[in-house]
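# The sequence and its predicted three-dimensional model are supplied below.
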Amino acid sequence: MEPVIRLNDVHKTYDAGDSAVHALRGVSLEIAAGESLAIIGPSGSGKSTLMHIIGCLDVPSSGDYHLAGTPVATLGSRALAKVRNQRIGFVFQSYNLLPKASLLRNVELPMLYGGVGRLERRERAREALRKVGLLERAAHLPSQLSGGQRQRVAIARALVNNPSIVLADEPTGNLDTQTGKDILALFDELGRQGHTIILVTHDPVVAERASRIVRIVDGQIAADGASAVAH
Amino acid sequence: MTLRESVFDALVEVRVNRARTLLQTLGVILGVASLVAVQGMSDAGRRQGVKFFSEFGGLKKVLVLNKPLKERVQTATMLASHGLDWGDVEALRREVPMATQVDPIAEEMLNIRTPTYQKLREVTGATPDYQAVYKFFPARGRFLIDDDLASMSRVVVLGDSAARLYFGNEDPLGKTLYLGDAGFRVVGVLRRKEFYFNEGDRNALEWMNRLTIIPITALYSRFTGDPDKKVSYINVVVDKVENNKKAVDAIRKVLDRRHKGVRDFEVIDRKERMKQQQQQGQIFDIIFMATGIVSLLVGGIVIMNIMMASLRERIREVGVRKAIGARGLDVALQFLVESVLVTSIGGLIGLPIGVLFANGITALIGQPAVITPQMALVSVIASVAVGLVFGLYPAVKAARLSPVEALRYE
């Protein structure tokens, strides 16, 4: 079966003033549908760049990236926006909720850009909030919530268009241990439901929960294998 | 994302940043107010003009008057032509179909005398039609009637001021006024005519109150002794304003023929005349309009500035929106809708303020300005245009942000 994500010799170079920064130096990686993967590595190793490329937020400087068989390099900006909207759900370390919008509106946002009608949108947003246990606070603003609650809203938002891939960048980085565990349990649940989960983290404890760990060092894959913890 | 949802987001932004929005709208408020004021004033001015002219014939009037020739060396035809006369009046009555009335007026300087008064003054020879054209009705007694005209009666009708002048506080009705050597019986005193363009101005219609009017036929038979019956001017009332131009052409044709091509007369279209008068007032309109446009430009620049600042605050938000599927167009629309919303609010506030401006100024004229559909249109178009033009740069800038850099922005 065709892997959902296939990277072949991907390089990424940033132009930083006089010198070029090589964030990725030849990454090749295949991720099968439904896999649960952790990308780990020290800061500056290129793991965030890798995630941005996988998430179609950025394009490789060289090398190929196929997403579900489609070469991403052939897609225009509108098509990329659609891919981000329909196939990928992002969860960020700092939640990145819109501060002036209610929780409901925040969760509705991907459907707004996806062109979902008003009634269905409302219904699905409420359902997504219910799944993360925050339905009764739908009208609240993000600033009225704790960090863990905010991250649950962000997860609801990431999932509301039912994407096949969920990308999470240090999702527990701003949370205390217990709250972090609750959030990770949510990701485990998503994995069981068949979503492809990609977690970027520098925390080995978090990474251990994934079935596969990819270690990035200096823009290259240093290790790729099953995690120590079996599921 | 639909326009409606963009408006919703923009409303949230505006509500959260009330003070900022107010600052943003100030320039637009002033600009729209100035433009609306111009509109309101020229409107009030026009209505004022219409009202003034309606006091003596309205806009459906074409005036024909004598014009002395300027040529120093005159041909025989020029010398033979002696200006407007009774024959012209009858020709016009016959040959200008859109004329509903052709009313000749002759003037003559005469020695006017009562037991207590004596002076050389102008006497007006008129027909009974005169009162309809000038809306000049008797306060007491009567105006001239057809019978007066037919029998060249020695009767006189006086304007209010003229009556006072000749008879002081006595009742002039039935008294005798001597014009030259002939005694004329006073049969009517006319209602006072008053019109003030500006408060405290002199009465623009006082000349009518000073009139001494006798039947035109009596004027000819007793004073001018002129077989051609010369006429000072002719009021031609046209059936409808749209026909004014046609009437002017027809009148010129008839008179050119009768005067053998000598232009010793002038034909003045009341409607054209009013247009010219309005053009004289346009310098104020232009000043106000320039003020308005400058305010709008400054307001637009302020809006662009604040939108740029607000964009810098919201770079991360733009990144998030792009990460979850917003296209460049969606982001541009969001910012554009926001700036148009802000300027529209400015336009809405500016509209009544402009009407207040206009009212303040036109109060001097005594004609209140009202909100007309044109004003509303001016304010809507001006404010939306400013929002679009000055919102475009921040909107495009936002749309072009790279999602990765936007997300990384602190």
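Ah, there it is. Numbering: from 1, shown residues only, chains lettered A, B, ... in the order given.
# Number of residues surrounding whichever residue of chain A sits closest to chain B?
Per CB to the nearest CB, residue A:85 is where chain A lies closest to chain B, at 2.4 Å. The way it works is simple: take the backbone N, C-alpha and C, and place the C-beta from them, glycine included. Neighbourhood size, residue A:85 [other CB atoms under 10 Å in any protein chain shown]: 24.
# so what's it up against?
Residues near residue A:85 by CB atoms under 8 Å, 6 or more residues apart in numbering or on different chains: A:110, A:113-114, A:161, B:324-325.
# Counting only helices, which of these make the cut?
A:110, A:113-114 (DSSP state H).
# Tell me the one of those residues nearest residue B:224?
Checking the ones in helices among the contacts of residue A:85 against residue B:224 with CB to CB, the nearest one is residue A:113 at 91.5 Å.
# quick one: the closest one and residue B:330 touch, right?
Yes. Between residue A:113 and residue B:330 a contact is recorded at 6.0 Å, counting by CB atoms under 8 Å.
# what does chain B have sitting close to chain A?
Within chain B, the positions near chain A by CB under 8 Å from any CB of the partner chain are B:1-2, B:5, B:9, B:12-13, B:16, B:316-317, B:319-328, B:330, B:402-404, B:407.
# May I see the PyMOL selection of the buried members of those residues?
Restricted to buried positions by 16 or more other CB atoms under 10 Å in any protein chain shown, the PyMOL selection for the residues of chain B next to chain A reads:
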select buried, chain B and resi 1+5+9+12+13+316+317+319+320+321+322+323+324+325+326+327+328+330+403+404+407
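# what ranges of the stretch 301-410 of chain B fall below the confidence cut-off?
Residue ranges of the stretch 301-410 of chain B with pLDDT under 70: B:364-371.
# and the residue of it found nearest chain A, what does it touch?
The stretch 301-410 of chain B approaches chain A most closely through residue B:325 (2.4 Å), counting by CB to the nearest CB. By CB under 8 Å, 6+ apart, residue B:325 lies in contact with A:81-82, A:84-86, A:110, A:113-114, A:161.
# Sketch out the helices for chain A, chain order is fine.
Using DSSP H, helices in chain A cover A:47-54, A:77-86, A:103-114, A:118-131, A:147-159, A:177-192, A:204-207.
# Look up how far residue A:201 lies from the residue nearest the centre of chain A.
Nearest residue to the geometric centre of chain A (CA atoms, centre = their mean): residue A:167, 1.3 Å. Residue A:167 sits 12 Å away from residue A:201, going by CB to CB, to the nearest Å.
# And stretch B:262-276, how far out from the chain middle?
17 Å (CA atoms, centre = their mean, to the nearest Å).
# can you list the residues that contact that stretch?
For stretch B:262-276, using CB under 8 Å, 6+ apart, the contacting residues are B:49-50, B:53, B:57-69, B:77-78, B:81-84, B:241, B:244-245, B:248, B:251-252, B:255-256, B:259.
# What subset of those residues is buried?
The buried subset of the contacts of stretch B:262-276 - by 16+ other CB under 10 Å - is B:49, B:53, B:57-66, B:78, B:81, B:83-84, B:244, B:248, B:251, B:255, B:259.
# In helices only, show me those residues.
Counting by DSSP H, the buried ones among the contacts of stretch B:262-276 place B:49, B:53, B:78, B:244, B:248, B:251, B:255 in helices.
# between those, which is closest to residue B:189?
Distance to residue B:189 across those (CB to CB) is lowest for residue B:53, with 24.8 Å.
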